[in-house]
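*Asks:* Return atomic coordinates for the entry below.
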Amino acid sequence: MRNSRKWQIIITLTVIFGTGLVVGLWLNRTPQPPVTVSPPVPYQPVTADESVVMRVYQELSPAVVNIVTQSQALNFWMQLVPQFGQGSGFVIDGDGHIVTNNHVVANAQNIEVTFMGERKVPAVLVGRDPISDLAIIKVDPFEGMVVAPLGNSDALQVGQRVIAIGNPFGLQHTVTAGFVSALNRELLVGERTMMGLIQTDAAINPGNSGGPLINSKGEVIGINTAIYSQTGSSVGIGLAQPINRVKKVAGQIVKWGRAIYPWVGIQSWMDISSEMAQRMGFQPVRGILVFQVAPGSPADRAGLRGGTHRALYGGRPVVYQGRPVLLGGDVILSLDDAPTPTFDDLQNIVVQKNIGAVVRLKALRGNQELTLNVTLAPDPTVPR
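*Replies:* Next up, the predicted model:
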């Protein structure tokens, strides 16, 4: 009994002490400041920059097509087997004309075009131009067909936002975005240098060829043509033909089935430096040493002169790039006041002119500077 009574007293005292301690701590607590709850931040579904890309994609992707080509090739056993290729393109008018790269449809025997929504239609080749790597194919127009608006590539500036839509690796209607990284880039295609290209860091991969490069207004300002890459995939350097050049070539192909280039009518396979000019007895100038002038050509009618005799060194003919060097011809210095230190420079200035245009050509004959007026004619060397 006594032990039970003792434990009751201990438990009672413990409860009284604990309760007093809790009450005391509560009475002497430090007041806490009221908690301020901030209103929730409104949810922003997309940024302004994202909305531009989304709008452009929604508006122009229906005008972009996937192009699949079929051709015939010989296998190891000399048997004809089908080969397939693919690329991109975009509709440029209400008649169903589609522009793409020449290398997308070259040698194609059958062409099939897929629009957004898996609409597949056959296409026919209207014409192609290997020089500019451009081609036009055509489909029968249909209700609801979207035409891509074409902008002005001459107004482009480095740093502008650009958007690419295409079919990389056959993945239809893929969008990438970037900037105009540089202007007036060069690309060697065969024996000809393409100049004035747009460089972009928008991802361009195999299958994007022929697709549009678009500005923030939703206007096509270029056609994606090539990439710089050691792997064959995008490394952030894509090249596009400016749309103003595309308009000119595409218009000619639609009208005549081919591109028509203006022609001066000279041949030269050696550009001369200032030092070389002095050694040859000229003034210290840079220019194009004219080797041959085609009879009856615009240059011939204007009075330009080609070489008259072979260059000799130690009694042997001097050869440059496998061909003999001819002396006695004029040295072309400029065309319409634009310097022409190389033959590629001359070609790329001439190609921007129109047939029948009169251009002012400055040349050096000995130590006498001449100004000749040359009327450009169609280039008869371009295949019809």
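
*Asks:* Tell me where the model's unsure across the stretch 201-350 of the chain.
*Replies:* By pLDDT under 70, the weakly predicted segments of the stretch 201-350 of the chain are 228-236, 280.

*Asks:* Which parts of this structure are helices?
*Replies:* 2-27, 48-60, 102-105, 243-256, 274-279, 298-302, 343-350 (DSSP state H).

*Asks:* avg pLDDT for the first one?
*Replies:* When pLDDT is averaged along helix 2-27, the result is 61.

*Asks:* so where's the longest strand in the chain?
*Replies:* Taking DSSP state E as the criterion, the chain has its longest strand at strand 174-189.

*Asks:* Just the local confidence number for Val382, please.
*Replies:* pLDDT, Val382: 65.

*Asks:* do Met195 as well
*Replies:* For Met195, pLDDT reads 79.

*Asks:* Val46 too?
*Replies:* At Val46, pLDDT is 73.

*Asks:* excluding its backbone neighbours, what's nearest it?
*Replies:* Of all residues not flanking Val46 in the chain, Met54 sits nearest, at 6.6 Å (Cβ to Cβ, 6 or more residues apart in numbering). Using the backbone N, CA and C atoms, a C-beta is placed for each residue, glycine as well.

*Asks:* Isn't Val350 up against Pro378?
*Replies:* No - in this structure Val350 lies outside contact range of Pro378 using Cβ atoms under 8 Å: 12.0 Å.

*Asks:* Confirm for me that Ser153 is in contact with Asn244.
*Replies:* Yes - between Ser153 and Asn244 there is a contact under Cβ under 8 Å: 4.7 Å.

*Asks:* who's more crowded, the two?
*Replies:* Neighbours were counted for Ser153 and for Asn244 using other Cβ atoms under 10 Å; Ser153 has more, 23 against 18.

*Asks:* Against Met194, how distant is the residue lying closest to that one once chain neighbours are set aside?
*Replies:* Distances taken as Cβ to Cβ, 6+ apart put Pro242 closest to Ser153, at 3.5 Å, once the chain neighbours are dropped. Applying Cβ to Cβ, to the nearest Å, the value for Pro242 to Met194 is 11 Å.

*Asks:* now Tyr320
*Replies:* 23 Å.

*Asks:* how much space is there between the residue lying closest to Ser181 once chain neighbours are set aside and Leu187?
*Replies:* Of all residues not flanking Ser181 in the chain, Gln199 sits nearest, at 4.5 Å (Cβ to Cβ, 6+ apart). Using Cβ to Cβ, Gln199 is found at 10 Å from Leu187.

*Asks:* what sits against Met270?
*Replies:* Met270 is in contact with Leu289, Phe291, Tyr320, Gln321, Val325, counting by Cβ atoms under 8 Å, 6 or more residues apart in numbering.

*Asks:* Give me the sheet partners of the longest strand of the chain and which way each runs.
*Replies:* strand 161-166 (antiparallel), strand 192-200 (antiparallel) (DSSP bridges).

*Asks:* got the contact list for stretch 114-126?
*Replies:* Contacts of stretch 114-126 (Cβ under 8 Å, 6+ apart): 61-62, 64-68, 97-98, 105, 108, 110-113, 135-140, 142, 145, 172-173, 253-254, 257.

*Asks:* What residues of that stretch count as buried?
*Replies:* For stretch 114-126, a neighbour-count test (16 or more other Cβ atoms under 10 Å) marks Thr114, Phe115, Ala123, Leu125, Val126 as buried.

*Asks:* Contact partners for the nearest residue to Thr340 once chain neighbours are set aside?
*Replies:* With Cβ to Cβ, 6+ apart as the criterion, Thr340 has its nearest non-adjacent residue at 4.3 Å, and that residue is Leu346. The contact partners of Leu346, by Cβ under 8 Å, 6+ apart, come to Val264, Ile288, Ile332, Leu335, Thr340.

*Asks:* Test my guess that the last one contacts Val331.
*Replies:* No - in this structure, Thr340 is not within contact of Val331 by Cβ under 8 Å, at 9.9 Å.

*Asks:* got any residues that touch both of these two?
*Replies:* Among the neighbours of Thr340, those also in contact with Val331 (Cβ under 8 Å, 6+ apart) are Gly287, Ile288.

*Asks:* The longest strand of the chain versus helix 48-60: what angle between them?
*Replies:* Counting by axes from the mean of the first three to the mean of the last three Cα atoms, to 10 degrees, strand 174-189 lies at 80 degrees to helix 48-60.
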